[in-house]
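> Sharing a model that was predicted from the sequence below.
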Amino acid sequence: MEQTMKKIGLQMSLLMGLSLSFCLSIVGNLQAEKFSVVGCLISFLVSFLISMIIGFIVPIKKVGDAAVRKAGLRPGSIPARLLESLISDLIYTPIITVIMVVIAYKQATAHGAQIPFVPMLLKSLIISLIVGYVLIFILMPFFLKLLMGKAGITPGGPAERPAGSEEQ
């Protein structure tokens, strides 16, 4: 069962990384004065790579579960999902956004643009955090249900309840 949960965790990182990278790349490129398909594709590939690295280094599920327990929230409840989404968003989005803004800024200034870095970063960060939070809140339970069903695990089953919890 532990092996199955690790596999689901990896698949979850992959799906969330793809989704966040795709959407944030589009949002980031729409913020730019010139939308570029090539720029969007490069942004997607770089942000996907970054999200995969984060996903392999940071145990997002364990961090989220620990925060939910510490806050005394019922796993799977709306408040728990809001907290888990916030944690995931605060781990992934700022790192991806800062790196992508630095790359965009360097490219823009190399082509002669005179733009201030800090306002560019803050605007992108605010927009990305909001978009990322909404995406994570919506997609995380959807992907989890999909992957657990694919693995033959029923929602609310023993693998989904924290150790020591009793069925109500």
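Cool, got the structure. Residues are numbered from 1 along each chain as shown.
> buried residues in the lowest-mean-pLDDT helix or strand in the chain?
Ranked by mean pLDDT, DSSP states H and E, the weakest helix or strand in the chain is helix 2-31, scoring a mean of 87. Burial within helix 2-31, assessed by neighbour count using 16 or more other CB atoms under 10 Å, is assigned to 8-9, 11-17, 19-25, 27-29. Using the backbone N, CA and C atoms, a C-beta is placed for each residue, glycine as well.
> what's the helix or strand following it in contact with?
As assigned by DSSP states H and E, the chain's next helix or strand after helix 2-31 is helix 37-57. Residues external to helix 37-57 that are found in contact with it (CB atoms under 8 Å, 6 or more residues apart in numbering): 10, 13-14, 16-18, 20-22, 24-26, 28-29, 32, 91-92, 95-96, 99-100, 103-104.
> element containing the residue of the chain most remote from its centre?
Of all residues in the chain, residue 112 has its C-alpha farthest from the mean position, at 33.0 Å, by CA atoms, centre = their mean. Residue 112 is located outside every helix and strand, with elements delineated by DSSP H and E.
> Same check on residue 73?
According to DSSP H and E, residue 73 maps onto no helix or strand at all.
> Residue 47: neighbouring residues, count only.
By the criterion of other CB atoms under 10 Å, residue 47 has 27 neighbours.
> how much space between it and residue 28?
Counting by CB to CB, to the nearest Å, the gap from residue 47 to residue 28 is 8 Å.
> Flag the shaky bits of the protein, pLDDT-wise.
Confidence mapping of the chain against pLDDT under 70 gives the ranges 33, 155-168.
> Pull up the overlap in contacts between residue 47 and residue 28.
Joint contacts of residue 47 and residue 28 (CB under 8 Å, 6+ apart) are residue 100.
> Now for residue 39, how many residues are close by?
Counted with other CB under 10 Å, residue 39 comes out at 17.
> which residue sits closest to residue 51, ignoring its sequence neighbours?
Distance criterion CB to CB, 6 or more residues apart in numbering; nearest residue to residue 51, sequence neighbours excluded, is residue 17 at 3.5 Å.
> Next: residue 108.
residue 115 (5.9 Å).
> and that neighbour, what is it in contact with?
Residue 115 sits next to 105, 108-109 when contact means CB under 8 Å, 6+ apart.
> Any chance of JSON lines for those residues, columns secondary structure, distance to residue 132 and neighbour count?
Output for the contacts of residue 115, formatted as JSON lines (DSSP: H, G, I helix; E, B strand; the rest coil; distance: CB to CB, whole Å; neighbours: other CB atoms under 10 Å):
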{"residue": "105", "secondary structure": "helix", "distance to residue 132": "20", "neighbour count": "17"}
{"residue": "108", "secondary structure": "helix", "distance to residue 132": "23", "neighbour count": "17"}
{"residue": "109", "secondary structure": "helix", "distance to residue 132": "26", "neighbour count": "12"}
